[in-house]
Structure formats: C-alpha cells, structure tokens
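Student: Just need the structure, nothing else, for what follows:
(chains A and B)
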Amino acid sequence: MSIFDLGPHATFIWLSYIAVVIVITGLISWLIFDGQRQRAALKDLEDRGVRRRSSVSSDTGQNQ
Amino acid sequence: MQTLTQKLANPTRFMQLSGTMLPWIAGAAAVIIAYGLYLVFAVSPPDYQQGETVKIMYIHVPSAWLAMMAYGLVAVSSFGLLVFRHPLADVSAKAAVPIGAAFTFLALFTGSLWGKPMWGTYWVWDARLTSVLILFFLYLGLMALRSSMDDESTAAKLTAVLALVGVAILPIIKFSVDWWNTLHQPSTGFTSTVDPSLRVPLLIMALGFTLLFFAMHLKAMRNEILRRRVKAMRVADIAHRDGMSALSNPVAG
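Tutor: The predicted model follows:
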C-alpha cells in the first residue's frame, strides 16, 4: 500500500502530521535562533571588555 | 561523594556536560523517530475498526504523554527551587514550560482531528479533553505570570508556587476516563490490549518523542543560562560605567 493511500480520512491524518512537523520545526528553529542570539550578545559583551564576575575572581585568585 | 544533582548545580559544569550530551540525544531522537515513521507508514496495518485513521495515534499519544511528563518536570523543578534552592531548578522549570505547552497543543489538535472522523465531532466538553485544555491554559498562565514581573527571583518563586498548585491537574487527566463517563476511550496502556503490530511503532514513536523533548529541554536550559549570563554582564557593565562617571564627576555622583 502506498503511504499516500490513507483512505477516506487521509486529510485528517496528513493535517495531524503536518501540524506536528510545523510545531516541532518551529520549536527547534526558535531554540537554535535563541541560542545564537544569546551567544552573539555574550561575545559582544566580552569583546567590549565586560567580564563575568567568576572569570574576574579566578584571574585575581579570589575564591567564589 | 557528590550526587549528580549536586554536580549539576554548577551551571558551567552543566554547560559542559549538556554540550557533550545534546548532539547524541538529538541524533538518537532523529534516528528513532525516522524508524518509527517508517514502521507507521510502511509496516503497521490499519486498525480493524478505525482503518488508517489509527495513524494519528502514533503522534497523538506521544504528544499527550509529553504534555503530562513536561508538567511533571516543571513541578519537580519548582519543588527543587522552593525547597532545595537548586541553582538550575528554575532554569529547568522555565525551559520546560513552552515545550510542554507546544506538546499539549499538539495533543489537543491531533486529538481533535482524530475525533472528527471517529466520533463525528472535533470537540466535546468531556472530562479528558477539558482537563487537557486546562493543562494547556496552565502552561500559558505560567508563561504569562513569569513575563509579568521584572524581578526574576520573585517571578521564579511565584511561578513555582503556581506550578505546584497546578500539579493537581495531572491525576485528574490520568484518571478522568475512569472517574467520569467520557467520550474519550479509557487508557489501554502501552503493554496490554494493543496488538504488537500497532504497539511497537507506538512505543518507538513515544521513545523518539521523549528523547526529542529532552534534547529540546537541554537546549532551552543552555539558552536560559546564557541569557542570565548576558543579563548579569550587562548589569555589571552598567554598574561599572556608573562608577566611572561618578569618579570623573564627583559632584554629580
């Protein structure tokens, strides 16, 4: 049987799978885009010389 | 000896460990879902009553399972924040909410599309469907409550309290088909009455979706840790610049 031959209710089946593909692809894309945005913001701050408190204290030998 | 949760209490260590694990979990999820889809569309037979419409089950059941599991994770993480003040508990809870909401939406949407040809209606206000709709609104409420407050610490605590109050919805969803007379079928369980030709693809899809959820949750947690680092560095930068301007202009400072 062809996967395209899904009987009289094929529209309901395809709509369900398309919805899952759209939502999961959207979630994954948002997660990747958000991660890239945060990394870019972090790099921008580091390039401007702003440093995290933990890296400053480890450089100066202080304990957290 | 440190427990795993104690080891993961350090966000830097968590970033290292999750960075190693994430590609493997995501890869395993992709392979298992691809194999599951092959079984669903090329191997598993139509149901003797529902015909091919049973194929909706292979995405509806895993989505519904993850809708509940994600809320369980939010509740456990919220408990971890309020009781143990685990540094990553709020990160975990915040990261799981939008993913759980997405799977709850999918469970409702695919269930509705399954219901129309099988029940003759997209929606009925029966106990199972209504309680899952309440779960979806709970997820939206958690996101709205958190975003309504500027103070992250207060937002985290109040969201955790709401999440723990809302956990009562989980047994209601689970047992709604037993406690009330519902149009939704009673739970069949993964191991009992479903024929292996339908059960095996279902279990494989459920495993693939679960791994996909954990991959997305890990990624969302990593993003949240980075966001908090960025925020902390911006605050430090502003404080540093204010301090410098106060030194150069002591009267104004």
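Student: Which positions in chain A make contact with chain B?
Tutor: A:3, A:6-10, A:12-13, A:15-17, A:19-20, A:23-24, A:27-28, A:31-32, A:34-35, A:38-39, A:41-42, A:45, A:48, A:50-54 (Cβ under 8 Å from any Cβ of the partner chain). C-beta coordinates here come from the backbone N, C-alpha and C atoms, glycine included.
Student: does B:Gln49 count as helix, strand or coil?
Tutor: At B:Gln49 the chain is in coil, as set by DSSP: H, G, I helix; E, B strand; the rest coil.
Student: Check the gap between B:Gln6 and chain A for me.
Tutor: 16 Å (Cβ to the nearest Cβ, to the nearest Å).
Student: State whether that residue is indeed within a helix.
Tutor: Yes: looking at B:Gln6 with three-state DSSP, it is inside a helix.
Student: Quick one: list the elements packing against the strand or helix carrying A:Ile13.
Tutor: Per DSSP states H and E: A:Ile13 is located in helix A:10-47. Judged by 3 or more Cβ pairs under 8 Å, 6 or more residues apart in numbering or on different chains; DSSP states H and E, the packing partners of helix A:10-47 are helix B:57-79, helix B:89-119, helix B:196-248.
Student: so how far is it off the chain centroid?
Tutor: Between the centre of helix A:10-47 and the centre of its chain there are 5 Å (Cα atoms, centre = their mean, to the nearest Å).
Student: Stretch B:136-152 too?
Tutor: 15 Å.
Student: Mind listing what's buried along it?
Tutor: B:136, B:138-139, B:141-142, B:146 (16 or more other Cβ atoms under 10 Å in any protein chain shown).
Student: so where's chain B shaky on pLDDT?
Tutor: B:1-2, B:4, B:7, B:188-192, B:250-253 (pLDDT under 70).
Student: Next to chain A, which bits of it? Give me the list.
Tutor: Contact residues, chain B versus chain A (Cβ under 8 Å from any Cβ): B:12, B:41-42, B:46, B:51-53, B:55-56, B:59-60, B:63, B:98-99, B:102, B:105-106, B:109-110, B:113-114, B:116-117, B:212, B:216, B:219-220, B:222-223, B:226-227, B:229-230, B:232-234, B:236-237, B:240.
Student: let's see it at 6 Å
Tutor: Counting by Cβ under 6 Å from any Cβ of the partner chain, the residues of chain B close to chain A are B:41, B:51-53, B:55-56, B:59, B:102, B:106, B:109-110, B:113, B:117, B:219-220, B:223, B:226-227, B:230, B:233, B:237.
Student: Just give me the residue closest to the centre of chain A.
Tutor: A:Leu31 (1.4 Å; Cα atoms, centre = their mean).
Student: Could I get the contacting residues of it?
Tutor: For A:Leu31, the contact set (Cβ atoms under 6 Å, 6 or more residues apart in numbering or on different chains) comprises B:219-220.
Student: Quick one: residues contacting the residue in chain A positioned nearest to chain B.
Tutor: Relative to chain B, the nearest point of chain A is A:Gln38 (3.7 Å; Cβ to the nearest Cβ). Residues in contact with A:Gln38 (Cβ under 6 Å, 6+ apart) are B:223, B:226-227, B:230.
Student: in chain A, what spans have low per-residue confidence?
Tutor: In chain A, residues with pLDDT under 70: A:1-4, A:53-64.
Student: name the element the nearest residue to B:Leu212 once chain neighbours are set aside belongs to?
Tutor: Once flanking residues are discounted, B:Leu212 sits nearest to B:Ala29: 4.0 Å by Cβ to Cβ, 6 or more residues apart in numbering or on different chains. Using DSSP H and E, B:Ala29 maps to helix B:11-38.
Student: and the angle from that helix to helix B:196-248?
Tutor: Interaxial angle, helix B:11-38 versus helix B:196-248 (axes from the mean of the first three to the mean of the last three Cα atoms, to 10 degrees): 150 degrees.
Student: For helix B:11-38, buried residues please.
Tutor: B:11, B:14, B:18, B:22, B:25-26, B:28-29, B:32-33, B:36-37.
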